[in-house]
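Visitor: Could you work out the structure for the sequence below:
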Amino acid sequence: MLTPKERLYNVMKGNAVDRPPCICPGGMMNMVTTDLMDAVDIYTPQAHTDARMMAGLAKAVYDYGCFENYGVPFCMTVEAEEMGAKVEMGSRVYEPHVSAYAIESVEDYAKLPPIDIGRGRAKVVLDAIRILREETDGVPIIGNLTGPISTASSVMEPVVFYKELRKKNKQAHAYMDFITRQLIAFGRAQIEAGADVIAISDPSGTGEILGPKYFEEFAVTYLNQLLDGLQEEKMGTIVHICGQMSPVYKEVNMVRSSVLSFDSVVPMKEARANLKDRVLMGNVSTFALEFGEQEKVRTLAKGCVRSGSDIISPACGLGMKSPLANVQAILKCLKEDL
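Guide: The predicted structure is shown next:
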C-alpha cells in the first residue's frame, strides 16, 4: 500500500499508481472550512498568525479524511502583506484580502521592502511547516506561493498594473523581476523548512485577462523564472491557473512545472487533448462542493478521472461553508468507487 506521499510523488514523476491522489494544496486553493474548524476547535483568523494553530488545521484536513496532504498557508495575501500592502485578516467565514495597496505604479517598486522570512506571517508559515515536518510522516507537505502576476497585482491596483504592462513595459518587467525574486526566496525557505512540494497559484495571470501575447511575455516568463529558482524542491511543483485555457494552451505548455492545475471552466478532456504528456490536476466544482449533494460530488470526481486528470482536487479554493461530508466525498469516491 502506497503512502500518500509515495502516491503523489509517483504521479508527479509520471509513474503508474493504484489510484489518483486526492489533494488540495492550500494557499489560494484553501481547504479549511467552518465544519473542520468546529471539529478541532481551531479557528481563523487566529490561525493565520499562529504557527501551532496553522499546523493544527493543516493536520485536520488529512486526519478528517478530506485530502491526502498538509498545506499552508490558507490564503494568498502573505507575500503582498510582507511587501507593504495592508491586509484585512478576514473571519471564520471569509479569507484575508488586501485592503490597501503598497505602491501606485510599477515604477515605484524600489520603494517595496523585500520579504523578510524571519518576521510576520512569512515566519508563521515557515514555523508551521517545521511543526508539520517534525510531527508527521508519510503525508506530503505542500508549501504555497501566490504567483508572480497575482502578487504583483495585489501589491498595486490591478487595473493600473495591467495597463502598465503595455504602457510602461520596461519598468513592468523590472517590477516583475523584483516580485519573482522575492517569491523565490520565500519558496526556498519553505523547502528548507520541510515542504515536499511547492504549489503556485496565479489566478490573476490568466489568458483571458492578458491575452496570448502578454500571457507568454509576463505570466509564462515569470512563472518559469520562479520555477527555475525552486530547483531544490523534494518532489516537484504545481502551477494553478484560472480561466479558460483554449486561447493559450500552447503558452501554458511552456510552463515548466511538474503539474498543471485548472479550474472548473476548463473541461479536463479538452486539457488532456491539448496537453497530452503533462501531469494534470483538477477540477471538482467548488460550487458543487459547497451547495450540492455528496452523490453529485462523487460523480464529478469520477468524471475528472475518466477525463484524464492525474490528481483529483477541487477546482479552486473551497467555500468556507462547504459541508464536511461533501469535501470528504471526493476521497471516499477514489477509495471506494474506482
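
Visitor: where does the stretch 151-300 of the chain dip in pLDDT?
Guide: The stretch 151-300 of the chain contains residues with pLDDT under 70 at 233.

Visitor: Grab the longest helix from the chain for me.
Guide: Longest among the helix segments of the chain by residue count, using DSSP state H, is helix 169-193.

Visitor: Show me which residues of that one are buried.
Guide: Neighbour-count burial for helix 169-193, counted by 16 or more other C-beta atoms under 10 Å, picks out 171-173, 175-176, 178-184, 186-191, 193. Glycine gets a C-beta too; all of them are placed from N, C-alpha and C.

Visitor: Is residue 176 in contact with residue 220, as I believe?
Guide: No - the criterion here is C-beta atoms under 8 Å, and residue 176 misses it with residue 220 at 11.6 Å.

Visitor: all helices of the stretch 51-200 of the chain, in order?
Guide: Secondary structure of the stretch 51-200 of the chain (DSSP state H, counting those that start in this stretch): helices located at 51-63, 78-82, 120-135, 148-155, 158-167, 169-193.

Visitor: can you tell which of those helices is closest to residue 246?
Guide: helix 148-155 (19.2 Å; C-beta to C-beta).

Visitor: Which neighbouring elements make contact with the closest one?
Guide: helix 78-82, helix 158-167, helix 169-193, helix 221-228 (3 or more C-beta pairs under 8 Å, 6 or more residues apart in numbering; DSSP states H and E).

Visitor: Now render those as a markdown table, adding distance to residue 4.
Guide: Shown next, in a markdown table, are the helices and strands packed on helix 148-155 (distance: least, C-beta to C-beta, whole Å):
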| stretch | distance to residue 4 |
| --- | --- |
| helix 78-82 | 25 |
| helix 158-167 | 36 |
| helix 169-193 | 19 |
| helix 221-228 | 23 |
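
Visitor: between these, which one is nearest to residue 239?
Guide: Nearest to residue 239 among those is helix 221-228 (6.1 Å), distances taken as C-beta to C-beta.

Visitor: Tell me what angle that closest one forms with helix 148-155.
Guide: 110 degrees (axes from the mean of the first three to the mean of the last three C-alpha atoms, to 10 degrees).

Visitor: Quick one: residues contacting residue 307.
Guide: Residue 307 makes contact with 267, 268, 269, 272 under the criterion C-beta atoms under 8 Å, 6 or more residues apart in numbering.

Visitor: How much space separates it from residue 330?
Guide: Using C-beta to C-beta, to the nearest Å, one obtains 15 Å as the distance from residue 307 to residue 330.

Visitor: and if you look at residue 2?
Guide: Between residue 2 and residue 330 the computed distance is 18 Å (C-beta to C-beta).

Visitor: can you check residue 316 too?
Guide: As defined by C-beta to C-beta, residue 316 lies at a distance of 14 Å from residue 330.

Visitor: Residue 303: neighbour count?
Guide: Using other C-beta atoms under 10 Å, the number of residues around residue 303 comes to 15.

Visitor: Strands of the protein, residue ranges please.
Guide: If DSSP state E is used as the criterion, the strands of the chain fall at 70-72, 86-88, 97-100, 141-146, 197-201, 236-241, 259-262, 279-281.

Visitor: now those strands as TSV including distance to residue 252?
Guide: Formatted as TSV, the strands of the chain follow (distance: least, C-beta to C-beta, whole Å):
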stretch	distance to residue 252
strand 70-72	23
strand 86-88	30
strand 97-100	26
strand 141-146	18
strand 197-201	13
strand 236-241	7
strand 259-262	7
strand 279-281	11
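
Visitor: Go through the ones you listed and pick out the most buried.
Guide: strand 70-72 (a mean of 31; mean count of other C-beta atoms under 10 Å).

Visitor: counting contacts, what elements does that one pack onto?
Guide: Checked by 3+ C-beta pairs under 8 Å, 6+ apart, strand 70-72 has helix 51-63, helix 120-135, strand 141-146 packed alongside it.

Visitor: Please convert the ones you listed to CSV, extending it with distance to residue 243.
Guide: Formatted as CSV, those follow (distance: least, C-beta to C-beta, whole Å):
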stretch, distance to residue 243
helix 51-63, 26
helix 120-135, 27
strand 141-146, 16
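
Visitor: out of the ones you listed, nearest to residue 16?
Guide: strand 141-146 (22.3 Å).

Visitor: what is the mean pLDDT for the closest one?
Guide: Mean pLDDT, strand 141-146: 98.

Visitor: and it, how far from the chain's centre?
Guide: 6 Å (C-alpha atoms, centre = their mean, to the nearest Å).

Visitor: what lines up beside that strand in the sheet?
Guide: strand 70-72 (parallel), strand 197-201 (parallel) (DSSP bridges).

Visitor: Turn those into TSV, including distance to residue 155.
Guide: Converted to TSV, those look like this (distance: least, C-beta to C-beta, whole Å):
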stretch	distance to residue 155
strand 70-72	21
strand 197-201	16
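
Visitor: just so I know, which of the ones you listed lies nearest residue 232?
Guide: strand 197-201 (9.8 Å).

Visitor: any idea of the angle that closest one forms with strand 236-241?
Guide: 10 degrees.

Visitor: before we move on, back to that, residue 2 and residue 330 - which one has more neighbours?
Guide: Set residue 2 next to residue 330 and count neighbours by other C-beta under 10 Å: residue 330 wins out with 27 against 14.
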